[in-house]
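**Student:** With the sequence up front, the predicted model follows.
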Amino acid sequence: MILFLILLVAMFLALVVQHFIGPLPPMGARVLLMPIIMFYGALALPLPAMFALTLAGGLMWDALHVQMVEGNFEIALGWSIVLYGVLGGLMSGFRPLFQRGRWEIHCLLSGVACAVIVLAEYLMITFRREPVIFVFNARIWWSIAASGIVATLLSPFFFFALNYVALASGYDPQPLRRQPKR
Amino acid sequence: MKTRLPALAFIGFIALVGVILTLSPHNMRKVQGGFLGLISPFLKTGSSMEKKYRDFREGLKTLEQLEEENKRLAIANKDLSATNQTLRGLEAENNRLRNALGYAERSVFQLVPARITARDASTWYSSVTIDRGSAEGLKPDMPVLTEEGLVGKTSTVSAHAATVILIADETCKVAVNVENSTEKGIARGERGSTNAIPQIALTFITKQANLQPGQRVFTSGVGGVFPPGVPIGAVREFKVRELDGYATILPAVDLTTLEDVFVVISNRK
């Protein structure tokens, strides 16, 4: 419960920080700090807590990013919750491996999931705007890929720091780590 | 009970998502405004810290540099004062002539100065957050500009913060006139355009427009959101397409270095 609250506060602060940082030149890579923390929560916490985190994360995300166009909201508030729920569920499927002390694949997966978030946003916008034109030039692909690469590079540091915080709060996210090998 | 918990959590999750997805635009706006109000103190603090740091770095100048800057500013000040006097005279003359012709006196914009507290982290939207909100009279869809030209329009507004959609964004459409031409068109950002690399297109112009690079583009005032005569930028390139003409615009305002803007809350004093 303590870790859940810590992650919730960390997600809020990460959202503020990433909002402040903005896209990184030259490829427009987005520094997605909040999703990394949320994905860590999906690995460290049981399923009900993961759902609560994705709900809070998705709602905060949409409240900050969804734009109103000509009197109407371009994308409905809450679509990110669905996306985060699906991605968080996938991450949660890798939880047994994480509990055994492995985290390499999870960092890579976190980066891929962040790129999927950016791609999904782009697809939503593409389908919503008139006329429906699929513009997939090198710049668009780089914006998506670069966000994933940045998240992959940042994930180990965040996972390491959050693991430390989890242990300090009295919760062991990797309880099977110390079991002797058979 | 323990084995049922994930299933119950999933059902609760789906139910809550359903409720949120079906919120009315009015309630969505309230949620957005509330959240923007919640994070605005953090953004303001971060922005002021960044400004202090930048001012500190910029303040580290030699005496020669300061003297040179002082001279340059003094000359610029005299130049601006002279221009201002001339413009005041022209404004008075213009109003006199308008009155003589029976037109209403040309109104002057009422502006609210605002500082940019954050540049949006969104990849697909070009927007910034400012430190003024409904408490200062701001509402959605109000024009935002600088002394150089048009910046964009307000979108989400909370009590002391607001989001501004920049002209580089695809959703910000502006009716425009082109200098020394009868062409009228719509300026809008291209998909994937960002603050760092703004790409603004001028569409709905004729094939015969033959616009030249450097021709200035101004708001036409059609649509009612943007006041007429505000500079948007200059034509960068003109192309003839199968059915119409198409031009790209170099924005008048550098969107990457924006710090202070003005929100037009009314066009009457």
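**Tutor:** Looks like it arrived, so ask away.

**Student:** need the contact list for the residue minimising distance to the centre of chain A.
**Tutor:** Here the mean C-alpha position of chain A is nearest to the C-alpha of A:Pro35 (C-alpha atoms, centre = their mean), at a distance of 1.9 Å. Residues counted as contacts of A:Pro35 (C-beta atoms under 8 Å, 6 or more residues apart in numbering or on different chains) are A:Gly57, A:Tyr84, A:Leu87, A:Ser110, A:Ala113, A:Cys114, A:Ile117, A:Ala151. The way it works is simple: take the backbone N, C-alpha and C, and place the C-beta from them, glycine included.

**Student:** Which of the three states applies to it?
**Tutor:** With DSSP: H, G, I helix; E, B strand; the rest coil as the basis, the three-state label of A:Pro35 is helix.

**Student:** what's the distance between it and chain B?
**Tutor:** Using C-beta to the nearest C-beta, to the nearest Å, one gets 12 Å for the distance from A:Pro35 to chain B.

**Student:** about what we covered before: using TSV, lay out the contacts of A:Pro35 together with secondary structure and distance to B:Glu183.
**Tutor:** Below are the contacts of A:Pro35 laid out as TSV (DSSP: H, G, I helix; E, B strand; the rest coil; distance: C-beta to C-beta, whole Å):
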residue	secondary structure	distance to B:Glu183
A:Gly57	helix	47
A:Tyr84	helix	46
A:Leu87	helix	47
A:Ser110	helix	50
A:Ala113	helix	47
A:Cys114	helix	43
A:Ile117	helix	41
A:Ala151	helix	45
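
**Student:** tell me which of the residues you listed is nearest to A:Arg128?
**Tutor:** Of all these, A:Arg128 sits closest to A:Ile117, with 16.6 Å by C-beta to C-beta.

**Student:** Okay, helices next: where are they in the stretch 51-200 of chain B?
**Tutor:** Remark: helices assigned in the stretch 51-200 of chain B by DSSP state H, counting those that start in this stretch are B:63-101.

**Student:** any weak-confidence spans in it?
**Tutor:** Applying pLDDT under 70 to the stretch 51-200 of chain B flags residues B:61, B:100, B:102-108, B:120-121, B:192-197.

**Student:** rerun that using 80 as the cut-off
**Tutor:** B:51, B:54-62, B:85, B:89, B:92-93, B:95-109, B:119-123, B:191-199 (pLDDT under 80).

**Student:** how deep is the closest residue to A:Pro23 other than its chain neighbours tucked in, by neighbour count?
**Tutor:** Closest residue to A:Pro23 in three dimensions, ignoring its sequence neighbours and counting by C-beta to C-beta, 6 or more residues apart in numbering or on different chains: A:Arg30, at 5.3 Å. Neighbours of A:Arg30 under the rule other C-beta atoms under 10 Å in any protein chain shown: 28.

**Student:** Equivalent analysis for B:Ala161, please.
**Tutor:** The local packing of B:Ala161 (other C-beta under 10 Å) involves 27 other residues.

**Student:** who touches it in this structure?
**Tutor:** Under the criterion of C-beta under 8 Å, 6+ apart, the neighbours of B:Ala161 are B:Leu36, B:Gly37, B:Ile39, B:Ser40, B:Leu43, B:Lys44, B:Thr117, B:Thr129, B:Ile130, B:Asp131, B:Arg132, B:Gly133.

**Student:** possible to save those as TSV with neighbour count and distance to A:Leu8?
**Tutor:** Listed next are the contacts of B:Ala161 as TSV, based on neighbours: other C-beta atoms under 10 Å in any protein chain shown; distance: C-beta to C-beta, whole Å:
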residue	neighbour count	distance to A:Leu8
B:Leu36	22	19
B:Gly37	16	19
B:Ile39	23	15
B:Ser40	23	20
B:Leu43	20	19
B:Lys44	17	23
B:Thr117	26	23
B:Thr129	26	22
B:Ile130	30	28
B:Asp131	19	26
B:Arg132	24	30
B:Gly133	23	26
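
**Student:** Tell me which two of those residues sit farthest apart.
**Tutor:** Pairwise distances across the contacts of B:Ala161 peak at 15.3 Å for B:Ile39 and B:Arg132 (criterion: C-beta to C-beta).

**Student:** Surely A:Ala44 and A:Pro173 touch.
**Tutor:** Yes - applying C-beta atoms under 8 Å, one finds A:Ala44 in contact with A:Pro173, separated by 3.6 Å.

**Student:** in what helix or strand does residue 38 lie?
**Tutor:** All of this refers to chain A. Using DSSP states H and E, A:Met38 falls within helix A:33-44.

**Student:** hmm, I had chain B in mind actually
**Tutor:** With DSSP H and E as the test, B:Leu38 turns up in helix B:25-59.

**Student:** Chain A: strands as residue ranges?
**Tutor:** Listed in chain order, the strands of chain A (DSSP state E) span A:68-69, A:72-73.

**Student:** Let me know the pLDDT of the residue nearest to A:Pro23.
**Tutor:** Per-residue confidence for A:Arg30 comes out at a pLDDT of 82.

**Student:** ok, now which ones touch it?
**Tutor:** A:Gln18, A:Pro23, A:Leu24, A:Val118, A:Ser143, A:Ala146, A:Ser147, A:Val150, B:Ala121, B:Ser122, B:Thr123.

**Student:** now these: which count as buried?
**Tutor:** Buried members of those, counted by 16 or more other C-beta atoms under 10 Å in any protein chain shown: A:Gln18, A:Pro23, A:Val118, A:Ser143, A:Ala146, A:Ser147, A:Val150, B:Ala121, B:Ser122, B:Thr123.

**Student:** Now for the last one: which residues touch it?
**Tutor:** If I follow you right, that is B:Thr123. B:Thr123 sits next to A:Pro23, A:Gly28, A:Arg30, A:Val118, A:Glu121, A:Tyr122, A:Ser143, A:Ile144, A:Ser147, B:Thr194 when contact means C-beta under 8 Å, 6+ apart.

**Student:** In a markdown table: those residues, plus distance to B:Glu64.
**Tutor:** Written out in a markdown table, the entries for the contacts of B:Thr123 read as follows (distance: C-beta to C-beta, whole Å):
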| residue | distance to B:Glu64 |
| --- | --- |
| A:Pro23 | 38 |
| A:Gly28 | 39 |
| A:Arg30 | 42 |
| A:Val118 | 48 |
| A:Glu121 | 50 |
| A:Tyr122 | 51 |
| A:Ser143 | 44 |
| A:Ile144 | 48 |
| A:Ser147 | 45 |
| B:Thr194 | 38 |
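
**Student:** and which of the residues you listed is nearest to A:Arg100?
**Tutor:** When the contacts of B:Thr123 are compared against A:Arg100 (criterion: C-beta to C-beta), the nearest one is A:Ser147, at 29.1 Å.

**Student:** I figured that closest one hits A:Ala113, correct?
**Tutor:** No - under the criterion of C-beta under 8 Å, A:Ser147 makes no contact with A:Ala113, lying 10.7 Å away.

**Student:** OK, contacts around the residue nearest to A:Ala146 when sequence neighbours are not counted?
**Tutor:** With sequence-adjacent residues excluded and distances taken as C-beta to C-beta, 6+ apart, A:Ala146 is closest to A:Ala29, at 3.4 Å. Residues counted as contacts of A:Ala29 (C-beta under 8 Å, 6+ apart) are A:Pro23, A:Ser143, A:Ala146, A:Ser147, A:Ile149, A:Val150.
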